[in-house]
Structures are given as C-alpha cells and as structure tokens.
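any chance you can model this:
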Amino acid sequence: MTTDAAWQSIRERCESLDPDEVLVTPGDERVFVVERIEDDRVTVEFLDGGSRDLRRDQFDVLAESVDDEGLDLDSLPPGVGPYVTVLSLAPQYAVDGTGAGTLRRVESDDVPAESPFVRSRWDVRRPPEEVHDDALLVADFLERHDVAALEELPPEELVDLYVLLSDVQWGADGLRRHVGGDLLDHVGPDGQLHGQYGTVSRTRRERRTLKDEDAVLDALDDAGVPREWVLGVDEDKLDVVLATTEVAESDVYDVHEQYYVQKTGVESDAKRSRLQGLKDRLAELEGTEGEELRDEIETLEDRIDDVLAAG
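Sure thing, here's the model as predicted:
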C-alpha cells in the first residue's frame, strides 16, 4: 500500500509542479494538469476536456500491484493511466524498461528518478496550437521587417523567415486536410457550404493504383494485347543494377543538377522564447494603449462587415 510518506510525496510533488509542466498518461499520452489537492484525493483536469478525482484508496490498490513484481505499463486497464502518472511522481516509485515501461517500487537509498510522464506544455502542443504559434511568429516578423524588399534583409533574417514560413506551410496543410475530412460530413453530394471567408464544395476524384504484374499481364493476354506494348524499364530495378554492376549512371540517366534551399533545423527554444515575449507584451496592454488596439480591431471588423454586405 502507499505509505503516508509516499502519499505526502505525491501531494508535495503535485504542488511543486511548474505552471509550464503538464502530465501525460502512459501509452495514449492523454494530457492533464493537477487542479486541486486534498487530504484524500488529487483532482486532475484533462486538456481535451473533463476532470477526475484520483482517490488515495485507489492509489493503495495500485501500489499493491506495483509492490508484487512491478506493473507493466504496456497493457494497463482502462482508467488506470492517470493514477500511474501521479504515483510515478513520488520518489518511492520509478519507471524503467522499454515501451511504456514498468512501474516499480525503489529502495529508499536509491537516487529518485524523474517521472517520464512530466512534460512541458510546449512539447505537447496539438497541431492547431502549433499552427497558431508559427503564424503568430510570422505575423510578428512581417510587422518588424519590410519584406517588400527581401534583397535588403540580412541572410540570417531571411533564414528565420524561410523557416517560419516552412513551419506554417507544413502545419497548416496537415490541419487543412484534417478539417477537410471533417467538412465532408457537412457538405452533401454536389453541395456547397459557405463561410465568412469563402466557400467549399464536395468534389470527387479518382486515384489509380496498379494491380500486381501477374493480374495485369493476364488481363492483357485475355484481350489479345501483346505484353511488349506495356513492358518497359523499371527505375527501381534499374537502380539495383546500377548499385551492383559496372553500368554507369550517366549511361542510363540524363542527370540535371538543381540547387535549392532546404530547412534542416528549427531552433525550438528561440521560437518559444519569442512567443513568450509576445504573449507577455499582449498581457501588459492596458489603459490607453490597450483601448486603442481594441478600437483598431473593431474598426477593422466594421470595414470587413461593410465589404461583405456590399458584395
């Protein structure tokens, strides 16, 4: 069972969690935060919705399983994940092994291991949050630089702009596909759906996937089509030949060089720091400056409404 010392450690560790820290469950990594700590329970709130009371007596049941031979975290019963995560905060327990790992009780003289289920909020951002953050950084960059004259920007700043635009492109495109899939449930056959910023239509297209070679050749044979009409050079097989024989690449390929810029790294900490600075600045907007910003936003919204009404 959980001892008074272990329960006290759990409560103290929950109280000492940094506001930037969140907890995740083993396996499915459902994200939650500690909302309230009481004598007999810890109340947690899941970021995807809902809250739950984790009661001490249930921690006792879990601790008995751990004390036997350790608890395999790859196959936890439903609902146990949050208990495991919170119990792993206590120095009397540790997670080892591969996969989700095994939760074990450790000796008191062992060096306490950090729980693998404590994460930074930055590291568990969902795609919509990532797109929002990257778009905010692009807007901040465009506000501070004259991109109408890109040739005048220092190379380092061009790098920053390129990386940010690349991140927005990839993140937004993935989110766009996800949103498009959800929209299919709302747009009927041959129908359209209108929003404030535009219109979408249900569209049909076909994608072809070639059947296996035997099926294709049998179909041609049945139709009396000579096989040599469709047989040709297979590039995949040709590359194997190039790798295993003395045939030169230039003998079978026309090679054309092309140079382009490719993103090979992202300074995540720098992005995070800049975003935090922007959020702090927005939070400090009070008084006249904040009122002026709100007036500008309301004026812009009125102009958009006028344009839409006129259209």
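
so residue 190 sits against residue 202, correct?
Yes. Between residue 190 and residue 202 there is a contact at 6.4 Å, judged by C-beta atoms under 8 Å. Quick note: C-beta positions are derived from backbone N, CA and C, even for glycine.

quick one, which of those two is more surrounded?
residue 202 (14 against 9; other C-beta atoms under 10 Å).

can you give me the helices in the stretch 51-200 of the chain?
For the stretch 51-200 of the chain, helices defined by DSSP state H, counting those that start in this stretch occupy the ranges 56-69, 81-87, 127-144, 155-183.

TSV please, covering these and showing distance to residue 11 and mean neighbour count.
Shown next, in TSV, are the helices of the stretch 51-200 of the chain (distance: least, C-beta to C-beta, whole Å; neighbours: other C-beta atoms under 10 Å):
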stretch	distance to residue 11	mean neighbour count
helix 56-69	10	15
helix 81-87	10	24
helix 127-144	30	15
helix 155-183	38	14
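
select from those helices the stretch with the lowest mean pLDDT.
Of all the helices of the stretch 51-200 of the chain, helix 56-69 carries the lowest average pLDDT, namely a mean of 83.

name the residue most distant from the centre of this protein?
residue 224 (52.8 Å; C-alpha atoms, centre = their mean).

what strand or helix carries it?
Element membership for residue 224, per DSSP states H and E: none, as it lies in no helix or strand.

quick check: pLDDT value at it.
Note on residue 224: pLDDT of 92.

swap in residue 311?
Residue-level confidence at residue 311 comes out at 54, pLDDT.

what's the end-to-end length of stretch 113-120?
17 Å (C-alpha to C-alpha, to the nearest Å).

correct me if wrong: residue 74 contacts residue 84.
No. The criterion here is C-beta under 8 Å, and residue 74 misses it with residue 84 at 11.6 Å.

and for residue 262, the neighbour number?
Other residues lying near residue 262 total 6 when counted by other C-beta under 10 Å.

off-centre distance for stretch 207-223?
Centroid separation for stretch 207-223 versus its chain: 40 Å, with C-alpha atoms, centre = their mean, to the nearest Å.

brain fart, stretch 75-95
24 Å.

do stretch 230-241 as well
That offset, for stretch 230-241, works out to 38 Å (C-alpha atoms, centre = their mean).

where are the low-confidence patches of this protein?
For the chain, residues meeting the criterion pLDDT under 70 lie at 1-2, 68, 97-100, 108-112, 285-297, 300-301, 304-311.

rerun at 50
1 (pLDDT under 50).

quick one: the strands in it, in order.
21-24, 31-37, 41-46, 51-55, 71-72, 93-96, 102-105, 118-120, 192-194, 199-201 (DSSP state E).

out of the ones you listed, which comes closest to residue 215?
In terms of C-beta to C-beta, the element of the strands of the chain nearest to residue 215 is strand 199-201, at 35.5 Å.

ok, the closest one: who's next to it in the sheet?
strand 192-194 (antiparallel) (DSSP bridges).

ok, residues contacting the partner strand?
183, 186, 187, 199, 200, 201, 202 (C-beta atoms under 8 Å, 6 or more residues apart in numbering).
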